[in-house]
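[1] can't give you the sequence, but here's the structure:
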């Protein structure tokens, strides 16, 4: 028998992200493993804000359907044993990255480079967790993002909260990710949850944003099918990105930990 034919679509380079997480329950315990995601090439034209940048290739045959040249992966994972983030009673806030090493691909503004620059040193945990949709491309594109998080109530009083995926470095009040449109997400206040005294709640939130000129009747994309996100209206030169927020509606402090988030082109 002859050798099998070569794989016409060999896998690209990958990056392994080891992790260790805690199992919440009566018996406790830990889990360990590795997340492997494709390693994208360097993004063109300076990349994007948040965790990276890039775009899409023109589709074959001239159709309006766009396609990503690689799997556009955005990833955030709290380090093992991270103590979490306190959110005070009545506070509504985006949730910051864990202090220490910068998340892979994270970018910060220098107020002159489109999409920001890679930071140096370590971070103090005061900047938001960001998932960056592709900032430019050709044709229709869909970006799906999701987060898993653990909300902990260490008080003796029942708590209440809302979690949602919002925007950061917004480029407008009504369409803060233009030309993306948020078509499937809780904008805040739609899914309130309660948390028992000395309890914890595992929460999952997701969001879908699309670029499709057929839905932009009031503000059409003039360069369609080519498009690029408008930059942050605050002058930072950053592309808008997605961030995770929590609104504490109770009367006691809550803690948020074990955050895992991803975003991908679909």
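    Here it is on my side, so go on. Small disclaimer: the values here were computed from a predicted structure and weren't measured.
[2] just the strands in the stretch 101-250 of the chain please.
    In the stretch 101-250 of the chain, the strands defined using DSSP state E, counting those that start in this stretch lie at 136-138, 141-153, 159-168, 181-185, 193-195, 199-211, 226-228, 241-248.
[3] residue 80 is nearest to which of these?
    Of all the strands of the stretch 101-250 of the chain, strand 141-153 sits nearest to residue 80, with 13.3 Å by C-beta to C-beta. Every residue, glycine included, has its C-beta placed from N, CA and C.
[4] distance of the residue nearest to residue 236 when sequence neighbours are not counted relative to residue 102?
    Leaving aside its chain neighbours, residue 236 sits nearest to residue 109 (4.0 Å; criterion: C-beta to C-beta, 6 or more residues apart in numbering). To residue 102, residue 109 is 14 Å away according to C-beta to C-beta, to the nearest Å.
[5] ok, now residue 167?
    Distance of residue 167 to residue 102, given as C-beta to C-beta: 21 Å.
[6] tell me the contacts of the nearest residue to residue 160 once chain neighbours are set aside?
    Spatial nearest neighbour of residue 160, excluding adjacent residues (C-beta to C-beta, 6+ apart): residue 249 at 4.1 Å. Applying C-beta atoms under 8 Å, 6 or more residues apart in numbering to residue 249 gives the contacts 90, 159, 160, 161, 162, 192.
[7] quick check: residue 249 vs residue 193, distance?
    In terms of C-beta to C-beta, residue 249 sits 9 Å off from residue 193.
[8] and if you look at residue 111?
    Going from residue 111 to residue 193 by C-beta to C-beta gives 38 Å.
[9] when the two are compared, which one has more neighbours?
    For residue 111 versus residue 193, the count of surrounding residues by other C-beta atoms under 10 Å is larger for residue 193: 13 against 10.
[10] contacts only, for that one.
    By C-beta under 8 Å, 6+ apart, the neighbours of residue 193 are 151, 160, 161, 162, 163, 201, 203.
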